[in-house]
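Novice: here is a sequence with its predicted model. Questions after.
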Amino acid sequence: MTQSVSESPAERVPLSRERVLRGAVAVADAAGIGALTMRSLATELGVKPMSLYHYVAGKDEILDGIVDLVFSEIELPAADGDWRSQMRRRATSARLALRRHPWAIGLMESRANPGPATLRHHDATLGTLRSAGFSVAMTAHAYALLDSYIYGFALQESALPFNSETVTEATDAFMRHLAGEYPHLAEMATEHIMRPGYDFGSEFEIGLGVILDALTRSIPGRLQPAPSLAAD
């Protein structure tokens with residue numbers, strides 16, 4: 001079944017479930033998940049709100065669908081590859097997906113009806129950890145630890161009042177008004193944050209390396225790795 005966006009035959013664009021979900025992602029990306037309603041989605045797509053119900057039952061189904069779309073953007077780890085490299089690649093890809101869709105951070109693990117991309121993602125990640133030699137219980141622990149770090153970092157990154165382009169301006173303002181009262185913050189700003197090339201995102205790789213090193217030590221029969229503070 002298809003629905004027309006326009007009454008003009010020359011301008012008809014077919015409406016589909018995928019187009020409805022892509023439109024919902026566009027609304028959420030532009031204005032946040034709170035702005036996503038059936039009416040705002042209909043406006044985005046140029047249709048009447050009732051037209052949407054031919055493709056989705058309601059907002060809950062839309063949320064299930066758009067979360068699944070975000071999961072589909074994350075690279076799947078491969079069980080036959082080096083598990084550390086695969087987990088690093090997956091973590092980096094997940095962080096980038098959440099940067100594109102910050103509204104998804106609080107929704108990724110909240111849906112009671114996960115879609116096929118979500119299920120493939122979880123299964124592939126579990127399979128890679130199990131193939132690395134983790135026990136079932138330790139696989140659960142490792143997955144929880146990695147996701148807590150990924151989502152937590154993404155949440156912190158999305159909440160920063162500045163980015164890598166404006167950090168110097170923001171720090172300069174801070175230094176002028178507060179440096180005398182907060183010497184340790186001033187030291188961090190001058191010795192680290194204000195240095196050329198600073199990017200808060202680089203902290204992600206440091207923390208991820210520490211986690212992967214610690215997880216490696218929990219695999220039976222594996223030698224303890226040398227500390228790894230850079231990409232594998």
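Specialist: Arrived safely, thanks for sending.
Novice: what's the top helix by length along the chain packed up against?
Specialist: Secondary structure of the chain read by DSSP state H shows that its longest helix is helix 136-159. The contact analysis (3 or more Cβ pairs under 8 Å, 6 or more residues apart in numbering; DSSP states H and E) places helix 136-159 against helix 83-100, helix 116-131, helix 202-216. Heads up, the C-betas are built off the backbone N, CA and C, glycines and all.
Novice: once you drop chain neighbours, what's closest to the residue nearest the centre of the chain?
Specialist: The residue lying closest to the centre of the chain (Cα atoms, centre = their mean) is Leu98, at 2.5 Å. In space, and not counting its chain neighbours, Leu98 is closest to Ala154: 3.9 Å by Cβ to Cβ, 6 or more residues apart in numbering.
Novice: residue contacts, that neighbour?
Specialist: By Cβ atoms under 8 Å, 6 or more residues apart in numbering, the contact list for Ala154 reads Ala94, Arg95, Leu98, Arg99, Pro102, Ile105.
Novice: can you name the next helix or strand after the worst-scoring helix or strand of the chain on mean pLDDT?
Specialist: None of the helices or strands of the chain scores lower by mean pLDDT, DSSP states H and E than strand 3-4, at a mean of 46. Along the chain past strand 3-4, the next helix or strand (assigned with DSSP states H and E) turns out to be strand 14-15.
Novice: fine by me, we can end here.
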